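Student: return a 3D structure for these sequence lines:
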Amino acid sequence: MSEKKALIYARVSAKKQADADVSIPSQLERGRVKAAELGATVALEFVDAGRSAFKGVRADFEAAIEYAELYEIDFFIVWSSSRFARNRYDAAINKRRLDKAGVRLVYITSDIDRDTDSGRIFDAFLEIIDESRSIETSRDTKRSLIANARQGFFNGGTPCYGFTTEVHPEHKKRKRLVVDDQEAVVVLEIFKMRAKGLGSRSICRNLNDRGLSNRGRRWNKSVLNNLLRNPIVIGQTVFNKKNSATNRPRPKEEWIVISTHKPVVPIELWEIVQTMMEEAADNTMSASSISTWTFTGLLRCGECGAPLYTESASGRTQKYWYYICSAAKLHKVHAVKRYRTDYMDDWLQTIITKHLFSYETLINIIAEMNAAASVWAVNNKQKKTKVISEMQDCKKRIGRLYSLLEESEPDDLNLGDISPRLRELKAKQNNLDDELQRLDKEQPPQIEVTEADASSLREFLIKKVRETKDGKKLRSLFAVFVREIRVNYEDIVIEYDPESLVTSQASAVRQNLNWLPELAGRRTKLIAITLPVRFRKAA
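Tutor: Down below sits the predicted model:
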């Protein structure tokens, strides 16, 4: 009869429990006793210190389950059902894995035979109790954290950049969050740079080049964006942002926002940056939870080049929205100009439909793409001719060197000079051969769009604009080919990509368009339209 084997898994959920070494040694010791009672030897012991069984990754638990599946283990010994899992779904999944592997789950604190009906029922009952207790503990913890925050206490962790902690003057065992004067200057500068239209990568490069580190580390886009979105900088601590069970974000109206400390960023600057970041996300066709206006993220001030963001104003009977220059509002670089969002959206949709979706425009774009295809063929032939000529020259040079080697006496030659030259020419010859193969494999752009297709495409685009009432969806359509729209005092200038206008939509009309847009150079075009007088007055 083969010797029975067991593994022991031990866990504590609180890190201070693990640090104090409160329960893990006793769990392991009692587990060894239990294994001896079962007539088994302990193969391995797995420990997760300070890991919750309700959520989070328990690396050693996963390793223990996998070990039990892969090796001949008879018993999986754990302190109690709550130490195995406090989530019924995870418990069921992992118990099934053990059952399929022929491993018996054993609790140290209770003797449950899961092979009997009564044992399975009692085990399921324990799962419900464990999950309920865990949820209640989570709620109690959240209530405690919120209460601490309301009293001005810091709940722990690493303080956000721009802040540090100090002992609370009235409660010596508690800490509070306070402004770090040196870091706060950098935080404010970061927000101002973002409000001027600088992207996250540009800001990181600026800070890193100036030696302004993030507490000894280089700034990167992810860290910077987290800082730009962190309400800590405006003096707020936010709870209930995510559903702890699903880890999905909750609606903003369900957030619990508490003013807990002194801010380092003015609320006006914060709101401008948040709107700009949302609009930037829109411009890459990401979902936005703020702006529903069609041209947010596409409009720029013709006077200073800063993005236009949206701001609201309350009238006597309703709320109005305006596009406004962020730099003018924040830095007073020029007079503030406001444009009614509903008027501007309607007018710009009409302009784009009339000028960019016109039959003549689409036909001209297709003609230019056809011309570009012809130019491609000529350029490809010229490139191949040049490569072949260089290959022939290289071959002649190598031939002359070989002839020199064959015709000369060994003592008359310095092989140390000739060998490197031969290797250099050989390498060049191989590179040229690879280049020629690459050019041979390149396929010419194929354009099979007729005038009838252009008409169908025009009708499709116009219909799509007219039928789409959702500003976000329209923004996604326009952002495909519109690079930016500059709003000047007397006119607007639309910069657009003509190829994207045709190729990105044509597949919805006809499937035989096979164009390689990178071969045409991706040149954008400009179209200037006089701004109506009513917008000049509104400005």
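Student: next, find the distance separating the residue nearest to residue 266 when sequence neighbours are not counted from residue 475.
Tutor: Of all residues not flanking residue 266 in the chain, residue 234 sits nearest, at 8.0 Å (Cβ to Cβ, 6 or more residues apart in numbering). (Glycine included, C-beta is placed from N, CA and C.) Distance, residue 234 to residue 475, by Cβ to Cβ, to the nearest Å: 27 Å.
Student: run a quick neighbour tally on residue 216.
Tutor: Counted by other Cβ atoms under 10 Å, the residues lying close to residue 216 total 5.
Student: now do the phi/psi pair for it.
Tutor: phi 90, psi -10 (degrees, to the nearest 10).
Student: quick one, domains of this structure?
Tutor: For the chain, automatic domain parsing gives the domain ranges 4-147, 175-265, 365-441, 451-538.
Student: minimum distance to residue 160: which of those domains has it?
Tutor: Closest approach to residue 160 among the domains of the chain is made by domain 175-265 (4.2 Å; Cβ to Cβ).
Student: now do the closest one: distance to the chain's middle.
Tutor: 16 Å (Cα atoms, centre = their mean, to the nearest Å).
Student: show me where pLDDT drops low in the stretch 401-539 of the chain?
Tutor: For the stretch 401-539 of the chain, the stretches with pLDDT under 70 are 404-419, 442-453, 502-523, 536-539.
Student: which SS state does the most centrally placed residue in the chain fall under?
Tutor: Per Cα atoms, centre = their mean, the C-alpha nearest to the average position across the chain is that of residue 222, at 8.2 Å. Three-state assignment for residue 222 (DSSP: H, G, I helix; E, B strand; the rest coil): helix.
Student: so how far is residue 240 from the residue nearest to residue 266?
Tutor: Applying Cβ to Cβ to residue 234 and residue 240 gives a distance of 18 Å.
Student: which of the two has more neighbours?
Tutor: Set side by side, residue 234 and residue 240 show more neighbours around residue 234, with 18 against 13, by other Cβ under 10 Å.
Student: and the more buried one, what does it touch?
Tutor: By Cβ atoms under 8 Å, 6 or more residues apart in numbering, the residues touching residue 234 are 263, 265, 266, 267, 270.
Student: render the CA-only coordinates of stretch 461-476 in CSV, please.
Tutor: Output of stretch 461-476 as CSV, limited to C-alpha atoms (Å, rounded to 0.1, in the frame of the first residue of the first chain):
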residue,chain,number,x,y,z
LEU,A,461,-21.8,59.6,-45.3
ILE,A,462,-24.6,62.2,-45.5
LYS,A,463,-27.2,59.7,-44.3
LYS,A,464,-25.0,58.6,-41.5
VAL,A,465,-24.5,62.2,-40.3
ARG,A,466,-28.2,63.1,-40.6
GLU,A,467,-29.4,59.9,-38.8
THR,A,468,-26.9,59.9,-36.0
LYS,A,469,-28.1,62.0,-33.0
ASP,A,470,-25.5,60.8,-30.6
GLY,A,471,-22.7,63.5,-30.4
LYS,A,472,-20.1,60.9,-29.3
LYS,A,473,-20.8,58.6,-32.2
LEU,A,474,-20.6,61.5,-34.7
ARG,A,475,-17.3,62.6,-33.0
SER,A,476,-16.0,59.1,-33.6
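Student: now residue 393: which helix or strand?
Tutor: Taking DSSP states H and E as the criterion, residue 393 maps to helix 359-407.
Student: and that helix, what does it pack onto?
Tutor: helix 415-441, helix 451-467, helix 498-506 (3 or more Cβ pairs under 8 Å, 6 or more residues apart in numbering; DSSP states H and E).
Student: the inter-axis angle of the helix or strand following the last one versus helix 359-407?
Tutor: Which is helix 498-506. Counting by DSSP H and E, the element after helix 498-506 in chain order, helix or strand, is strand 525-530. Going by axes from the mean of the first three to the mean of the last three Cα atoms, to 10 degrees, strand 525-530 is angled at 150 degrees with respect to helix 359-407.
Student: which of the residues in strand 525-530 are buried?
Tutor: Neighbour counts using 16 or more other Cβ atoms under 10 Å place 525, 529 of strand 525-530 among the buried residues.
Student: do stretch 63-82 as well
Tutor: Counting neighbours by 16+ other Cβ under 10 Å, stretch 63-82 gives 64-65, 67-68, 73-79, 81-82 as buried.
Student: which of these sits closest to residue 355?
Tutor: Looking across the buried residues of stretch 63-82 and measuring by Cβ to Cβ, the closest to residue 355 is residue 65, at 63.7 Å.
Student: who touches that closest one in this structure?
Tutor: By Cβ under 8 Å, 6+ apart, the contact list for residue 65 reads 76, 94, 97, 98.
Student: counting neighbours, what do you get for residue 402?
Tutor: There are 11 residues near residue 402, going by other Cβ under 10 Å.
Student: do residue 224 as well
Tutor: Using other Cβ under 10 Å, residue 224 has 20 other residues around it.
Student: so how far is residue 263 from the residue lying closest to it once chain neighbours are set aside?
Tutor: Excluding the flanking residues, the one nearest residue 224 by Cβ to Cβ, 6+ apart is residue 200, at 4.9 Å. Residue 200 sits 21 Å away from residue 263, going by Cβ to Cβ.
Student: same question for residue 31.
Tutor: On the measure of Cβ to Cβ, residue 31 and residue 263 end up 51 Å apart.
Student: buried sites along stretch 260-276?
Tutor: Neighbour-count burial for stretch 260-276 flags 260, 261, 263, 264, 265, 269, 270, 272, 273, 274, 275, 276 (criterion: 16+ other Cβ under 10 Å).
Student: surely the third one meets residue 230?
Tutor: Going back to what we said before, that points to residue 263. No. Look at residue 263 against residue 230 with Cβ atoms under 8 Å: they stay out of range, at 11.4 Å.
Student: hmm, back to that, closest one to residue 344 among the domains of the chain?
Tutor: domain 451-538 (7.1 Å).
Student: for residue 320, find the nearest of the domains of the chain.
Tutor: Closest to residue 320 of those, according to Cβ to Cβ: domain 451-538, at 10.8 Å.
Student: show me what counts as buried in stretch 461-477.
Tutor: Residues of stretch 461-477 classed as buried: 461, 465, 468, 471, 472, 474, 475, 476, 477 (neighbour count, 16+ other Cβ under 10 Å).
Student: quickly name whichever of those residues is closest to residue 342.
Tutor: Distances from residue 342 to those, taken by Cβ to Cβ, are shortest for residue 471, at 9.9 Å.
Student: quick one: classify residue 77 as helix, strand or coil.
Tutor: Under three-state DSSP, residue 77 comes out as strand.
Student: before we move on, what about residue 45?
Tutor: Relying on three-state DSSP, one would call residue 45 strand.
Student: what's the closest non-adjacent residue to residue 292?
Tutor: That would be residue 471: by Cβ to Cβ, 6+ apart, it lies 4.5 Å from residue 292.
Student: how about stretch 84-101: buried residues?
Tutor: 84, 85, 86, 87, 90, 91, 94, 95, 98, 101.
Student: farthest pair in these?
Tutor: Within those, two members stand farthest from each other by Cβ to Cβ: 86 and 101, at 22.5 Å.
Student: pLDDT-wise, which helix or strand of the protein ranks last?
Tutor: helix 15-20 (a mean of 43; mean pLDDT, DSSP states H and E).
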